[in-house]
Structure formats: C-alpha cells, structure tokens
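# only the shape, not the letters, is given here:
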C-alpha cells in the first residue's frame, strides 16, 4: 500500500511539472512566428565570439581574411597618432573587416526582440562546395613552399585534420597560427599582444615583445609562441621570433613546421590601419620564406572583445567521421 502511495505521488508530481511547462513551451515556440516580417536587432548565435574561425576559401585556408580594399583605404586616411618618443602608437583593438562566417541561418529569440544569426549548418556529409574548398586549400599553390619530401605528409594531415590537429585536442595554436593581435598595448620598452582565442583551444593567449634593445635569451626553453624581440625601423615595428617547438601547425590545413622556424613580423600603422606582415622561414622544410600580409582596422574604441575560452577534451573519443573544419 505504501509503495502505491509513493508511486502515485511521483506520477502526480510529474504531471504537475508537465502542466506547468506547457504554457512556457507554447510561448517560446509561438513568439518567433509573431515577429516574422518585423525588423528586429541582430544578435549572434553559436558563433557570437568566433571571428577567427572562418577560413578563406579562396586561398590558403588561413583564418585571417583580408578586409575589403575600400575599408583599408578609408582607414588609412585617418591621422596616425604618435607617442612621446615619436614612434607610431599601435595601442588599441584591431580587427580586419569581414572576418568570420557568412550568415546563412538564424532565428528570432523567444521574446521576439532579437534575430540570432549563425553560420550554415553542416550535416554528417559535407556539401559539395565545402568538399571543393577543402581540396582547393591543399593544392600546392595554397600551401607554404615546402620541400618535395614534405608535401605528401602535409596533405595527409590536412585531410585528417579532425584526428591530427593538435589544436583540436586543446593544445595551444601557437604563433603565427594565432594570427594578428586582437589588441595591442604599447608602453616604453615593451609591447603586449593580446589574442581573442574564444574559438581556440587555449585561454588568455598573449605575447610580450621586448623593445629595449636586448637580444634573444638562449636560456629559454622552446615554446608555442617563441621568443619575441622588437625594434623600430622608421615607422615600422619589426619583431624577430625564434625558439619554437615543432608541435604546432601554421594553419588548419596540416601545415607543419620544424624547430628551425624563424618568423619576422612587421607592423606599420597608417591612420586607423595597420599593415601586418609575417615572413616565415624554415630551413628544414621550406624552399624559401612564406610571406603573408593582412591589413588590420582600428575599432571598438575604449573596449575590446577578449574573453576566456574554456576547453575540455571530451569530444575526440566520439568522432564518427573525418569531416574537417
């Protein structure tokens, strides 16, 4: 008799819970329909803080897209601020226009006040245009200038990125894969680069570049971001980066490097624009330097978009296919 009473009480509780939820669910499902055709503010869905995730389908697959030329020229025409020492002031939040995914899916919020957007959904089988893009990114002209004996290894890694990419398993992306700095803080004898890694596998990525004339420190252990020292050449900050581990990739295309990698990074500010250029040398793997140039546009005055990016490696053991990012 006691068990019947307890069982009846549980059933009654579940029924009451379901009864209370029905109005809320009905409201949540019906609200977006009521706002159809209305202009509501645009928000961001799954990719709200993922500006570095989109790969350039027309080139190397690197996640740093070049802003439109008209945006660059407009930013270039502004005044160039200088510090007391006469050098250009690189401080600020920097981002190229047009980073991230094109919006192709979205829905209104439950209260009908915001239209949330997100990138196109991709199912278990990637669409033909995505397959063509991935193939294009692994063609020789879009890869770094590798020695012939390295190319097949790179293509294999690129085709199996979801299984082989160190960043997919919570390892730091490292430099230069992390791309241009999201925010720069410039003080005497030092420049700090901060990176928005919310879509990455690490938290609080940063680099501290000494500009006090010191040389590289031979006592340092190799690292993901290397040892950076900078100096001015006219209005251009030139940063020499060495002492890398060989565990990182240069992009999501399986583009590996050796411990001999050497990067020269240059930043030249004109108005509200920075010309950012890196030259990557690797005597063990490259036939010549690989030079990449992007333009960064100043934005978000007085603020930034740096957030923590927690990563827990619990997905890798559940992969069911070989889809790549």
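On my side now, so go ahead. The shown structure was predicted, so the numbers you read here are calculated from the model rather than taken from an experiment.

# now the strands: where do they sit in this protein?
With strands called from DSSP state E, the chain shows them at 42-44, 92-95, 103-108, 115-119, 183-187, 190-194, 206-210, 227-233, 236-242, 262-270, 273-281, 290-299.

# nearest to residue 171, out of these?
strand 206-210 (16.7 Å; CB to CB). All C-beta atoms are positioned from the backbone trio N, CA, C, and that covers glycine.

# tilt between the closest one and strand 262-270?
Put simply, strand 206-210 runs at 90 degrees to strand 262-270, going by axes from the mean of the first three to the mean of the last three CA atoms, to 10 degrees.

# may I see the buried residues of strand 206-210?
206, 207, 209, 210 (16 or more other CB atoms under 10 Å).

# report the contact partners of the residue lying closest to the last one once chain neighbours are set aside.
What sits nearest to residue 210 in space, not counting adjacent residues and going by CB to CB, 6 or more residues apart in numbering, is residue 229, at 5.2 Å. Residues touching residue 229, when contacts are defined by CB atoms under 8 Å, 6 or more residues apart in numbering, comprise 209, 210, 211, 214, 215, 216, 239, 240.

# ditto for residue 260
Applying CB under 8 Å, 6+ apart to residue 260 gives the contacts 282, 283, 284, 285.

# how near is the first one to residue 219?
When distances are taken as CB to CB, to the nearest Å, residue 282 and residue 219 turn out to be 23 Å apart.

# compare these two and say which one has the larger neighbour count.
The neighbour count for residue 282 versus residue 219, taken as other CB atoms under 10 Å, is higher for residue 282 (26 against 5).

# point out where the stretch 151-300 of the chain drops to low pLDDT.
Filtered on pLDDT under 70, the stretch 151-300 of the chain yields the residue ranges 197-203, 300.

# about what we covered before: neighbour-wise, which of the contacts of residue 260 leads?
Using other CB under 10 Å as the neighbour test, these are led by residue 282, with 26 neighbours.

# could you find the closest non-adjacent residue to that residue?
Leaving aside its chain neighbours, residue 282 sits nearest to residue 261 (4.7 Å; criterion: CB to CB, 6+ apart).

# got phi/psi on the one you found?
Main-chain dihedrals, residue 261, degrees, to the nearest 10: phi -60, psi 140.

# okay, now it: neighbour count?
Number of residues near residue 261 (other CB under 10 Å) recorded here: 26.

# that one reaches residue 279, doesn't it?
No - Residue 261 is not in contact with residue 279 according to CB atoms under 8 Å; the separation is 11.2 Å.
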